[in-house]
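Colleague: need a 3D model of the following:
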Amino acid sequence: MIHSFTRIASLVLAFGLFISCTTLHSSSNSGNNSDLTTTELKQNIASIDDKLSADSSSSLLFQKGQYQIKLAEHQKDPLKRASYYNDAQRNIELATTQNASVLKEQADSLLTISWSNEHNQGIQLIQSDSTLDSASYQKAAAHFTNATILIPDSTVSYNMGARAYYKAQKPVKAIEILEDARSNISELPVMLLDQLTFLYLNQDQPQKAIRLYEEGGSPSTLSLNLLHGLSNAYISAGEHRKAVSLLNDLADKKPNNIIYKQSLATELYYLAAVHLNSLKKSLRSDTTGTISFSPADSLLNRAETQLKSLTTQNPSNLELKERLAHFYHNSASKYQQILPLIADKESNAEVEEQIKVYLTSSLPLLEQLVEEKPKKKMLWQNLYQAYSYLGMHEKARKAKSNF
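Modeller: Model prediction:
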């Protein structure tokens, strides 16, 4: 829900990994209750409670809320303020609901000032030292949580509270404060949605992340950043076909984005490997069954297209060339595992030819890579295996001498 008063105006914070923030300026609380002691505040609240039993007037409820806010501020530990703020916020909202024309402006002012005091204390604590310990970040998070109690749709405080809990290595608490935001804000801002889904993925709860993304809209309406996050959630949840569909769209929209194409190629390879593993299992139990490599061939061809496109666009990127070489090597290995199980001579010859195509394609890449990275033994091992399978025995011998 969105509360009916004191909605925080748009406040922009730089979104870094963790804490980039601006302190908000405000005046201090003022009034006759500013110098009251804790005992006096409690006595005044008790007196109002007696009066409220006979007359639940808006002015008494509002005054009680004021006293409860001051009582909260008397607590040195921000963790002990929450219950007082909850009671104050509830009484002030009730008073304003009963008499909005008179009390709304006062309520807005009171809660905004109190919110700002709590929020700023959290900011100041974080900015006081670049090497804060977990306890200090938890204390800062408590201030931000208090701020969200006072103004339940204060996006900026939810954001900072979640970040502080995350830095305190309390991801579950970070999730809790962002779930509170979901309860109090009808349309969760993209920034908070992104934080919450990241935390669910970080906690190995991809299905919850997926539900959140899907609540944010259909794939056609999500931003590129959220689409990327959703694809990661699908991958983590094992929903690889959905991941391929999204990554394919992302790669089309951003053809120069290395991450999208790499991820798409990886997922396509994964689906092909699943098909080949299933085919291997069925051949072990029935060697006379129908063999169809078309689904795997198609997926691997699509993966190869993505990886070759990346190496063409980034000719000096050795990491991409190594990925393509490993793709060829791994694809050949998958087919080689099936080869002994194929009784049909024609199919057997086709698979063997495909293995040779993959290994031959890997050679120029591996030969360049071992020149650039002569101490990387795995590259030499892959090169040796390719040479050996292709009958290039002298080159295989030289390659083997390097590992």
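Colleague: contacting residues for Glu367?
Modeller: Taking C-beta atoms under 8 Å, 6 or more residues apart in numbering as the definition of contact, the neighbours of Glu367 are Leu383. In short, each C-beta sits where N, CA and C put it, glycine included.
Colleague: can you tell me the element it falls in?
Modeller: Taking DSSP states H and E as the definition, Glu367 sits inside helix 345-372.
Colleague: buried stuff in that helix?
Modeller: For helix 345-372, the buried set under the neighbour-count rule, 16 or more other C-beta atoms under 10 Å, comprises 348, 350-351, 354-355, 358-359, 361-363, 365-367, 369-370.
Colleague: ok now it, how far from the chain's centre?
Modeller: Its chain's C-alpha centre lies 38 Å from the corresponding centre of helix 345-372 when counted by C-alpha atoms, centre = their mean, to the nearest Å.
Colleague: what's downstream of that helix, the next helix or strand?
Modeller: helix 377-389.
Colleague: other SSEs contacting that next one?
Modeller: When contacts are defined as 3 or more C-beta pairs under 8 Å, 6 or more residues apart in numbering; DSSP states H and E, helix 377-389 sits against helix 318-338, helix 345-372, helix 393-400.
Colleague: repeat the analysis, applying 6 Å as the threshold.
Modeller: helix 345-372, helix 393-400 (3 or more C-beta pairs under 6 Å, 6 or more residues apart in numbering; DSSP states H and E).
Colleague: closest one to Ile149 among those?
Modeller: With C-beta to C-beta as the criterion, Ile149 lies closest to helix 345-372 of those, at 57.9 Å.
Colleague: so the residue of the chain most remote from its centre, which state does it fall into?
Modeller: Taking C-alpha atoms, centre = their mean, the residue of the chain most remote from its mean C-alpha position is Ala54, at 52.0 Å. Following DSSP: H, G, I helix; E, B strand; the rest coil, Ala54 is assigned to coil.
Colleague: and the helices and strands packed on helix 377-389: which comes nearest Ser223?
Modeller: With respect to Ser223, and counting by C-beta to C-beta, the nearest of the helices and strands packed on helix 377-389 is helix 345-372 at 35.7 Å.
Colleague: now do that closest one, average pLDDT.
Modeller: Taken as a whole, helix 345-372 has an average pLDDT of 96.
Colleague: swap in stretch 175-187?
Modeller: 94.
Colleague: please enumerate residues in contact with it?
Modeller: Surrounding stretch 175-187, the residues in contact under the criterion C-beta atoms under 6 Å, 6 or more residues apart in numbering are Ile2, Pro152, Asp153, Tyr158, Gly161, Ala162, Leu188, Leu192, Gln195, Leu196, Leu199.
Colleague: let's see it at 7 Å
Modeller: Where contact means C-beta atoms under 7 Å, 6 or more residues apart in numbering, the residues beyond stretch 175-187 that reach it are 1-2, 145, 148, 152-153, 155, 158, 161-162, 165, 188, 192, 195-196, 199.
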